[in-house]
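In: Model the following, please.
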Amino acid sequence: MFISEKYNLLQAKLTWHPFEKFSFFVAFLLGSLLTHNPVVPFLILGGISAFFFYQGLSLKDLLQIAALPMSFMLVAVFSIVCIISSENFEAIYSIEIGSYYIGFSDLSLAKGIHIMGKAMGAMFAFYFLILTCPIDEIEYLLRKMRLPDLLIELFVLSFRFITILLSFSKQCYLSQKKRMAYLSFGSSIRALGMLVSSVLIKSLIHADFSHQALLNRGYKGEMRFIDKHGSLQAKRFIFPAILMIGLIVLGQLKL
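Out: Residues are numbered from 1 along each chain as shown. Got it, this is the predicted structure:
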């Protein structure tokens, strides 16, 4: 079971309206992106992480879902922090390689930390929305936002197919690994090619089965979901609005 699915199962006790969750997401996202204060994104990051821990998500699970995007962020931030110059410059730390100086300065380090904080705050804001809203609630939000039905259906089907194919890929990889398919470089390349082809064939077969299942259940070009969400009370937006205004105001205060 994927981490997102396991965490969504824990949200049965969270009786928030989908738009209430969305309002918190908007508050966290704007608070991270519209800030000039490097402390605010890390406050958002800490608050969302504490909420995840309170709801039962372990530190290991949180690191697993954040590892891949954080690795890309670190590479991008490193390219901002690191300075390569043919002339010597004022730096906190630098080394000389040939005729070039490589290091980082106070300004580049502060800029990198600020950008890293913004990116991580925005990333955890999206995690807050995705991990607290099951697929039916996300579909409900998209439909209430008047998005075209075709885009909503593509999103729902893509989400389902990605989940199935990732699970199938993991099963195939473990099966190949137990059969010593990755002992050498050559065998690893062949096993990887077989894995990709198997996933492609599986996706085509499952797509045909899914289409036939939809037709047998009366599918006529529109997927309908049961609207089980109650009416939204305006008072539920008070705290998210105060939070958003507070984060934006705090973000304008420069240290």
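In: I'd like to know how far Leu200 sits from Thr163.
Out: Leu200 sits 17 Å away from Thr163, going by CB to CB, to the nearest Å. No exception for glycine: its C-beta is placed from N, CA and C like everyone else's.
In: Looking at the two, which one has more neighbours?
Out: The neighbour comparison of Leu200 against Thr163 (other CB atoms under 10 Å) goes to Thr163, with 15 against 11.
In: so which helix or strand takes in the more buried one?
Out: Assigned by DSSP states H and E, Thr163 belongs to helix 149-178.
In: In the chain, what residue spans correspond to helices?
Out: 3-9, 18-33, 39-54, 59-81, 106-132, 135-144, 149-178, 185-216, 238-251 (DSSP state H).
In: could these go into CSV alongside mean pLDDT and distance to Gly98?
Out: Below are the helices of the chain laid out as CSV (pLDDT from 0 to 100; distance: least, CB to CB, whole Å):
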stretch, mean pLDDT, distance to Gly98
helix 3-9, 52, 46
helix 18-33, 88, 40
helix 39-54, 88, 37
helix 59-81, 82, 20
helix 106-132, 85, 21
helix 135-144, 82, 53
helix 149-178, 81, 43
helix 185-216, 83, 33
helix 238-251, 84, 42
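In: so of these, which one's packed in deepest?
Out: Highest mean neighbour count of the helices of the chain: helix 18-33, a mean of 21 (counted as mean count of other CB atoms under 10 Å).
In: Which strands or helices does that helix pack on?
Out: Applying 3 or more CB pairs under 8 Å, 6 or more residues apart in numbering; DSSP states H and E, we find helix 18-33 packed against helix 39-54, helix 106-132, helix 135-144, helix 238-251.
In: Nearest to Leu33, out of those?
Out: helix 106-132 (6.0 Å; CB to CB).
In: Who are the packing partners of the closest one?
Out: Short answer (3+ CB pairs under 8 Å, 6+ apart): helix 106-132 packs on helix 3-9, helix 18-33, helix 39-54, helix 59-81.
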